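**Student:** task: produce atomic coordinates for the following.
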Amino acid sequence: CQSIHDHKTSEDGLRAARDKARESDRLKSAFLANMSHEIRTPLNAISGFAELIAGEDLTEEERREFVQIIRDNTQLFTSLINDMLEVSQLDNTSAELPRKLLDISKIIRAEMEHLPVKEGVEYRLKLAAPEIVFPLHRSYVSLLVRELLKNAVKFTEQGSVTVKCGLTGSDTLTLSVTDTGCGVEPGLAEKIFDRFYKGDPFAQGLGLGLSLCRLIVEKLGGTIALDTSYTGGARFVVTLRDA
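**Tutor:** Residues are numbered from 1 along each chain as shown. As a prediction, this is how the structure comes out:
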């Protein structure tokens, strides 16, 4: 009886290892496919418009337009590489991130100030108090807010993007980012956090944004989820607890 149990345990272990290897191969293939396309696109634009600028028969208006295209694609390229590096760094960090008392309202305001002006979209901030002090990791919480905002703005053509933040008691922080965009099907509530997943396969990006958000939140000992009860777009809710 013990021998049968040991054999079954061994089979289960081998099956789990095989499934893990297959998932690793799938992620690697998805990574290479995404990287080859997403990095080539801005690089081709930068290279092509740099060549055009070198020409002598351009008007000043055309030259300014091409320079802006190069700047936009350089920013996109830098963002892709930064997301990839951040995911890699967090993947290789086993311990929770160190935290110290910070005012998250300042972090949120700073990130919202850098949002692009988008016609027909209003940015709203709803804080439970002028100062919300909580143990946080400054750079990664800034990145978390930035990625959630970037995701919301990307999928919102009309309406608003709203950030809410407050404390429950003294040991729980709740942060939510709500938009009036196209929303997410409830059946994809977990899938959207998968690495390299993109609801729109033709959209820019590597599909790392929400995956990176979950990595950050988990390293801070918290949770992040899509609020499936909200149907006016998408709402992501982050809950952090004082360790």
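
**Student:** where does this structure dip in pLDDT?
**Tutor:** For the chain, residues meeting the criterion pLDDT under 70 lie at 1-8, 20, 23-37, 94, 196-207, 243.

**Student:** now do the helices in it.
**Tutor:** Per DSSP state H, the chain carries helices over the ranges 2-53, 60-91, 104-113, 138-154, 209-219.

**Student:** can you lay out those as a markdown table showing mean neighbour count and distance to residue 131?
**Tutor:** Heads up, the C-betas are built off the backbone N, CA and C, glycines and all. As requested, the helices of the chain are exported to a markdown table (neighbours: other CB atoms under 10 Å; distance: least, CB to CB, whole Å):
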| stretch | mean neighbour count | distance to residue 131 |
| --- | --- | --- |
| helix 2-53 | 12 | 39 |
| helix 60-91 | 14 | 28 |
| helix 104-113 | 17 | 6 |
| helix 138-154 | 20 | 15 |
| helix 209-219 | 20 | 22 |
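
**Student:** mind giving me CSV with these and columns for distance to residue 237?
**Tutor:** Below are the helices of the chain laid out as CSV (distance: least, CB to CB, whole Å):
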stretch, distance to residue 237
helix 2-53, 26
helix 60-91, 20
helix 104-113, 15
helix 138-154, 10
helix 209-219, 10
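
**Student:** pull the contacting residues for residue 176.
**Tutor:** Listed by CB atoms under 8 Å, 6 or more residues apart in numbering, the contact set of residue 176 reads 162-165, 227, 235-238.

**Student:** brain fart, residue 124
**Tutor:** Residue 124 neighbours (CB under 8 Å, 6+ apart): 160-163.

**Student:** got a winner among those for most neighbours?
**Tutor:** residue 161 (25 neighbours; other CB atoms under 10 Å).

**Student:** correct me if wrong: it contacts residue 179.
**Tutor:** Yes. The criterion here is CB atoms under 8 Å, and residue 161 meets it with residue 179 at 4.9 Å.

**Student:** shared neighbours, the two?
**Tutor:** Both residue 161 and residue 179 are in contact with 152-153, where contact means CB under 8 Å, 6+ apart.

**Student:** hmm, back to that, tell me which of the contacts of residue 176 fall in strands.
**Tutor:** In this view, the contacts of residue 176 that belong to strands under DSSP state E are 162-165, 235-238.

**Student:** name the nearest of these relative to residue 148.
**Tutor:** Lowest distance from residue 148 to the ones in strands among the contacts of residue 176 (CB to CB) belongs to residue 236, with 5.7 Å.
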